[in-house]
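Q: below is the sequence, then the predicted model.
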Amino acid sequence: MLNFELYNPTRLLYGKGQIGEIANLIDKKSKVLVVYGGGSIKKNGVYDQVIKALEGYEVVEFSGVEPNPRYETLVKAVDLIKNEKVDFILGVGGGSVIDGVKFISAAVYYEGDTIDIIQKKLNVNWKAMPYGAILTLPATGSEMNCGAVVTIEATQEKLSFSGEVLYPVFSVCDPTVIASLPVKQIANGITDAFVHVLEQYITFPQGAPLQDRFAESILQTLIEIAPKILKDPTDYDAAMNYMWCCTMALNGLISKGVKEDWVTHAIGHELTVLYGIDHGRTLAIIGPNLYSVMFDTKKEKLAQFGRRVFTLEGSDDEVARLAIERMIAFFHSLGVATKLSDYTEDGEKAVEWIAERFNERGWLAMGENKNITIDKVREIVKLSL
Ligand code: NZQ
Ligand code: ZN
């Protein structure tokens, strides 16, 4: 296991009725900017709960943060904050809103061109505006991490950036809010969380059995609760555990002391840019094929995954191969298609487009072993068509 440092200052409030608690967490003198997306919160009662909880505060609103949030939209919120002299941000939504708020919070005090935060993937180590989050879609883990993914519409780039100052001050995770989620979004969320764990776990044995078991327990719990939550999103216990799995999958814990992969995400982001495919689904398209192409260096962990998560038996090779099949079957059980051709007839162009982009960015050797080359990326995308 490698040396590590664990720092996570986000206060989490989990469970029913917790939205009302935010008034105890935001300074009474604050002027609050409430940031949200396309309006789902106005239909499901979350907006009303938030406004009620903020009684007595000066409140300004910014809506219209789109899925896969755009730089071009978010900079308008930065101007609003400056004009209105806001001093606290409250993001109410899924990963897109929370990531959008992270960008806004970093951009307010950035002295250069704010597009650089994304394009140059800056480490945000300057003062950021404090913010809280009210999560409405369990998936990304953004509610308890310091990373964000923002798209620049003009250049069609979807890139991540991070920084220690970008952890939410608090996040409220009330699982009753997911009752209004379309089944498709729940399936996306389960897939996203599942692949977050895989990106940190399907590498090679790294002498970190506790992290392995944390990872396996999240995967097993997701598999166990998936049919329940898809059948009935008002099943409180299933919803609570689904949300908790998503938070734990990407709050920094399971990656401590180990090398990670993240190439499935890097390729997946390009598929979202190219075809508008939902984030979670891009991962189901790419992940299994990345594991097939990188089989030799990942097979020990694939076999461990197969034995411990799917209780498979046989030789390492057999179990590892079968584990990939079972992973695909799990995505299918969620109603998530795993071939690019299930989403577009124009998949072929992705192969060279992605290879060229990675080349331009100098992403020539990626993954936990730095052995995912541009040629391997081509192979992975071809296998995913
Ligand atoms: O905009 P509104 O009207 O709110 O509708 C949203 C949106 O259309 C809707 N929704 C959210 N909560 C709802 C709801 N509809 C009904 N009831 C509710 N309770 O769902 C749609 C999708 O929302 P979005 O926030 O885009 O989804 P998600 O949470 O999956 O976030 C995806 C974004 O997060 C990034 C992705 O790349 C993508 O841009 N990621 C962020 C990460 C991070 N910060 O750590 C890691 C991830 O790997 C991921 O890359
Ligand atoms: Zn993800």
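A: Now that the structure is in, tell me what you want to look at. Residues are numbered from 1 along each chain as shown. Ligands and ions are numbered 1, 2, ... in the order given.

Q: show me which residues of the protein sit near ligand 1.
A: Contacts of the chain with ligand 1, taken as Cβ under 6 Å from any ligand atom, map to 37-41, 44, 67-68, 93-97, 99, 136-137, 139-142, 145, 147-149, 177-178, 180-181, 185, 188-189, 192, 250, 265, 279. No exception for glycine: its C-beta is placed from N, CA and C like everyone else's.

Q: restricted to strands, list these.
A: 93, 147-149 (DSSP state E).

Q: surely Cys146 meets Tyr167?
A: Yes: applying Cβ atoms under 8 Å as the test, Cys146 and Tyr167 come out as touching, 4.7 Å apart.

Q: returning to what we had before: identify the farthest-apart pair in the ones in strands among the residues of the chain next to ligand 1.
A: Gly93 and Gly147 (16.5 Å; Cβ to Cβ).

Q: of those two, who's got more company?
A: Neighbours were counted for Gly93 and for Gly147 using other Cβ atoms under 10 Å; Gly93 has more, 27 against 18.

Q: contacts only, for that one.
A: 35-37, 40-41, 65, 134-137 (Cβ atoms under 8 Å, 6 or more residues apart in numbering).

Q: would you turn these into TSV with pLDDT and neighbour count?
A: Shown next, in TSV, are those (pLDDT from 0 to 100; neighbours: other Cβ atoms under 10 Å):
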residue	pLDDT	neighbour count
Val35	98	29
Tyr36	98	25
Gly37	98	21
Ser40	98	20
Ile41	98	23
Val65	98	27
Ile134	98	30
Leu135	98	31
Thr136	98	26
Leu137	98	26
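
Q: inside helices: which ones of those residues?
A: Assignment to helices by DSSP state H places the following of those there: 40-41.

Q: quick check, nearest of the contacts of Gly93 to ligand 1?
A: Nearest to ligand 1, judged by Cβ to the nearest ligand atom, of the contacts of Gly93 is Gly37 at 2.3 Å.

Q: can I see the domain layout of the chain?
A: 11-176, 181-384 (the TED database).

Q: endpoints of the last one, how far apart?
A: Domain 181-384 stretches 28 Å from its first residue to its last (Cα to Cα, to the nearest Å).

Q: for whichever residue of the stretch 251-385 of the chain sits closest to ligand 1, which residues are in contact?
A: Nearest residue of the stretch 251-385 of the chain to ligand 1 (Cβ to the nearest ligand atom) works out as His279 at 4.0 Å. Applying Cβ under 8 Å, 6+ apart, we find His279 in contact with 68, 95, 139-140, 188, 192, 268-269, 272.

Q: the more surrounded of Cys146 and Tyr167?
A: Using other Cβ under 10 Å, the more surrounded residue of Cys146 and Tyr167 is Tyr167, with 25 against 22.

Q: isn't the more buried one up against Thr10?
A: Yes: with contact defined as Cβ under 8 Å, Tyr167 reaches Thr10; the gap is 4.8 Å.

Q: nearest to Met129 among the contacts of His279?
A: Among the contacts of His279, and counting by Cβ to Cβ, the member closest to Met129 is Gly95, at 19.1 Å.

Q: contacts only, for the residue lying closest to that closest one once chain neighbours are set aside.
A: Nearest residue to Gly95, sequence neighbours excluded (Cβ to Cβ, 6 or more residues apart in numbering): Thr140, at 3.2 Å. Contacts for Thr140 (Cβ under 8 Å, 6+ apart) come out as 94-95, 98-99, 192, 246, 250, 279.

Q: CA atoms of whichever strand or helix holds Leu210 as PDB?
A: For Leu210, the element it lies in under DSSP states H and E is helix 209-231. The C-alpha coordinates for helix 209-231 follow below in PDB (Å, rounded to 0.1, in the frame of the first residue of the first chain):
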ATOM      1  CA  PRO A 209      -7.100  -5.700   1.400                       C
ATOM      2  CA  LEU A 210      -9.200  -3.300   3.400                       C
ATOM      3  CA  GLN A 211      -9.700  -1.000   0.400                       C
ATOM      4  CA  ASP A 212     -10.500  -4.100  -1.700                       C
ATOM      5  CA  ARG A 213     -13.200  -5.200   0.800                       C
ATOM      6  CA  PHE A 214     -14.600  -1.600   1.000                       C
ATOM      7  CA  ALA A 215     -14.900  -1.700  -2.800                       C
ATOM      8  CA  GLU A 216     -16.400  -5.200  -2.900                       C
ATOM      9  CA  SER A 217     -19.000  -4.300  -0.300                       C
ATOM     10  CA  ILE A 218     -20.100  -1.300  -2.200                       C
ATOM     11  CA  LEU A 219     -20.400  -3.400  -5.400                       C
ATOM     12  CA  GLN A 220     -22.300  -6.200  -3.600                       C
ATOM     13  CA  THR A 221     -24.700  -3.700  -2.000                       C
ATOM     14  CA  LEU A 222     -25.400  -2.000  -5.300                       C
ATOM     15  CA  ILE A 223     -26.100  -5.400  -6.900                       C
ATOM     16  CA  GLU A 224     -28.400  -6.300  -4.000                       C
ATOM     17  CA  ILE A 225     -30.400  -3.100  -3.900                       C
ATOM     18  CA  ALA A 226     -30.600  -2.300  -7.700                       C
ATOM     19  CA  PRO A 227     -33.700  -4.400  -8.400                       C
ATOM     20  CA  LYS A 228     -35.500  -3.000  -5.400                       C
ATOM     21  CA  ILE A 229     -34.800   0.600  -6.100                       C
ATOM     22  CA  LEU A 230     -35.600   0.300  -9.800                       C
ATOM     23  CA  LYS A 231     -38.900  -1.400  -9.000                       C
END
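
Q: and the gap between the residue of the stretch 251-385 of the chain closest to ligand 1 and Ala53?
A: 29 Å (Cβ to Cβ, to the nearest Å).

Q: one more: Tyr71?
A: Distance from Tyr71 to Ala53, by Cβ to Cβ: 30 Å.

Q: likewise for Leu90?
A: Leu90 is 9 Å from Ala53, by Cβ to Cβ.
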